[in-house]
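*Asks:* Fold the following for me, if possible:
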Amino acid sequence: MGQVFETIVHEFRESLAMALVALRINKLRSILTLLGIAVGVFSIIAVMTAMGVLLNSIESGLSQLGANTFQIQKTTNFHSGNPQERAKMRNRKNIKYAQGLLVKENSTLAKAVGLEAWTGGKVVSTLHGQKSNPDVQIAGEDIEGFATNNWDIGDGRLFTQSELNSGRKVAILGIQVVNKIFPKLDPIGQTIRIDGQEYEVIGTIEPKGGMLGGNQDNFVAVPLTTLFDVYGSDRDIHIMVQASSRETFDDCIEQVRGILRSARQVTPGADDDFYLFSNDSMIEQFNDFTKYVRLGIMVISAIALIAAGVGIMNIMLVSVTERTREIGIRKAIGAKKNNILSQFILEAVVISELGGMIGIIIGILVGNILAVTLSVPAIIPWDWVAIGFLVCSLIGVVFGVYPAWKASNLDPIEALRYE
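*Replies:* Next comes the predicted model:
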């Protein structure tokens with residue numbers, strides 16, 4: 001048994017060595033053939049890597065929602081291409097502060113309910129003349145909004161209930177704002193100015209990073225009542241609800257949905273006129289949003305791979321014709337049908353695998369350019385790498401079998417006569 005195994009290994013190594021020699025001899029032809037495989041595999045790996053990077057960016061960005069937390073807002077995050085659907089979203093009524101208070105008061109399954117409102121495109125300046133870029137977001141929050149947003153205080157403190165009730169002008173800064181306007185100073189106790197209003201800085205927020213190229217640290221949090229006093233109380237708000245446990249999460253969603261539908265006078269049977277999402281639903285929606293893009297790329301890549309496979313078959317048939325005398329000599333000195341068959345199949349597989357390897361490496365590098373752009377960790381989609389190698393092997397075998405079979409069935413006498 002051991003001797004048989006050694007014989008098989010020896011014949012395999014010999015066939016592989018001869019296949020590599022043949023590829024080296026015909027370098028240009030081999031390179032052009034494997035490039036076809038490389039392009040097909042590259043397109044699949046690059047897209048799947050980029051999608052993985054985007055998904056990681058969204059997942060890390062959604063960590064702004066605390067554990068077992070969902071958020072309610074007026075419109076969806078991923079807008080449909082349907083004009084009617086977009087118009088329907090635009091025509092929705094704002095979620096009012098009073099409606100948020102109803103959820104806060106009546107959601108018995110909630111551990112915490114945070115209310116917030118946003119306004120953006122602001123310049124934050126100091127009394128010493130330092131200014132931010134005009135892209136700072138202002139978040140009006142109640143106290144529970146910090147827990148449901150998963151924001152941790154770095155330095156300083158959170159504002160008190162008394163400061164929230166009185167609408168005091170105090171501010172808590174995201175780390176990017178701190179770095180921009182207080183590069184060398186301790187911000188706690190300093191005064192900042194936004195739209196002509198002065199705020200006392202009482203704290204900073206631990207950095208959160210970015211999502212899809214954005215920056216979750218480029219904002220200033222103020223008491224929600226303060227934001228209402230400065231920018232008007234008739235504003236759209238977000239409601240963030242943290243369920244008491246994972247087990248009550250789904251029931252909590254339905255309870256809050258019922259409270260809000262009643263408050264907004266949504267008729268029975270009609271669709272919600274608000275958008276509710278959690279970490280899981282956001283990821284699922286992203287996958288639905290991109291599945292046709294991935295499907296299209298995979299179809300195009302499959303066509304490219306089939307075309308490359310036909311190219312391999314064509315090249316191998318030419319190779320068989322060119323090496324007819326070589327095959328005749330090998331058969332004349334004792335090479336068996338299986339030896340010839342394995343040699344030519346291995347040549348096809350080696351070309352396919354080399355092309356696949358090049359495509360995989362370039363695909364991963366190109367796909368991760370997006371990771372660098374979005375400042376998120378690079379990834380290697382190991383599942384798709386394995387699928388890529390498997391598909392390349394399959395293409396090599398499927399499209400290499402006929403030329404190999406044709407070579408193995410050559411008559412040695414006729415082959416030796418071939419000019």
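
*Asks:* Remind me which helix or strand the closest residue in space to Leu109 that isn't next to it in sequence belongs to.
*Replies:* Spatial nearest neighbour of Leu109, excluding adjacent residues (Cβ to Cβ, 6 or more residues apart in numbering): Cys252 at 4.0 Å. Every C-beta, even on glycine, is put in place using the N, C-alpha and C of the backbone. Using DSSP states H and E, the element containing Cys252 is helix 249-263.

*Asks:* For that helix, name the packing helices and strands.
*Replies:* strand 69-73, helix 97-106, strand 110-122, strand 238-243, strand 275-278 (3 or more Cβ pairs under 8 Å, 6 or more residues apart in numbering; DSSP states H and E).

*Asks:* what does that helix rub up against?
*Replies:* With contacts defined as Cβ atoms under 8 Å, 6 or more residues apart in numbering, helix 249-263 is touched by 68, 70, 72, 95, 98-99, 102-103, 106-110, 239, 241, 243-244, 272, 274, 276, 278.

*Asks:* what angle sits between it and helix 97-106?
*Replies:* 140 degrees (axes from the mean of the first three to the mean of the last three Cα atoms, to 10 degrees).

*Asks:* Going by neighbour count, which residues of helix 249-263 are buried?
*Replies:* Buried residues in helix 249-263, counted by 16 or more other Cβ atoms under 10 Å: 249, 252-253, 255-257, 259-261, 263.

*Asks:* Just the C-alpha atoms of that helix, please, in PDB.
*Replies:* Below are the C-alpha coordinates for helix 249-263, written out as PDB (Å, rounded to 0.1, in the frame of the first residue of the first chain):
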ATOM      1  CA  PHE A 249     -36.500  43.300  22.700                       C
ATOM      2  CA  ASP A 250     -39.100  42.300  20.100                       C
ATOM      3  CA  ASP A 251     -42.000  42.900  22.600                       C
ATOM      4  CA  CYS A 252     -40.600  46.300  23.400                       C
ATOM      5  CA  ILE A 253     -40.500  47.200  19.700                       C
ATOM      6  CA  GLU A 254     -44.100  46.300  19.300                       C
ATOM      7  CA  GLN A 255     -45.100  48.200  22.400                       C
ATOM      8  CA  VAL A 256     -43.300  51.300  21.300                       C
ATOM      9  CA  ARG A 257     -44.700  51.000  17.800                       C
ATOM     10  CA  GLY A 258     -48.200  50.800  19.200                       C
ATOM     11  CA  ILE A 259     -47.700  53.900  21.400                       C
ATOM     12  CA  LEU A 260     -46.300  55.900  18.500                       C
ATOM     13  CA  ARG A 261     -49.000  54.800  16.000                       C
ATOM     14  CA  SER A 262     -51.700  55.900  18.500                       C
ATOM     15  CA  ALA A 263     -49.900  59.200  19.200                       C
END
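
*Asks:* quick one: average pLDDT of it?
*Replies:* For helix 249-263, mean pLDDT is 92.

*Asks:* roughly how far out does that helix sit from the chain middle?
*Replies:* Mean-position distance between helix 249-263 and its chain equals 30 Å (Cα atoms, centre = their mean, to the nearest Å).

*Asks:* Between strand 238-243 and it, find me the angle.
*Replies:* Using the same axes, to 10 degrees: helix 249-263 against strand 238-243 is 140 degrees.

*Asks:* now the angle between strand 110-122 and helix 249-263, please.
*Replies:* Helix 249-263 and strand 110-122 are oriented at 60 degrees to each other (the same axes, to 10 degrees).

*Asks:* Which of the helices and strands packed on helix 249-263 sits closest to Leu224?
*Replies:* strand 110-122 (6.1 Å; Cβ to Cβ).

*Asks:* For Lys337, state which of the buried residues of helix 249-263 is nearest.
*Replies:* Taking Cβ to Cβ as the measure, Lys337 lies nearest Phe249 of the buried residues of helix 249-263, at 64.7 Å.
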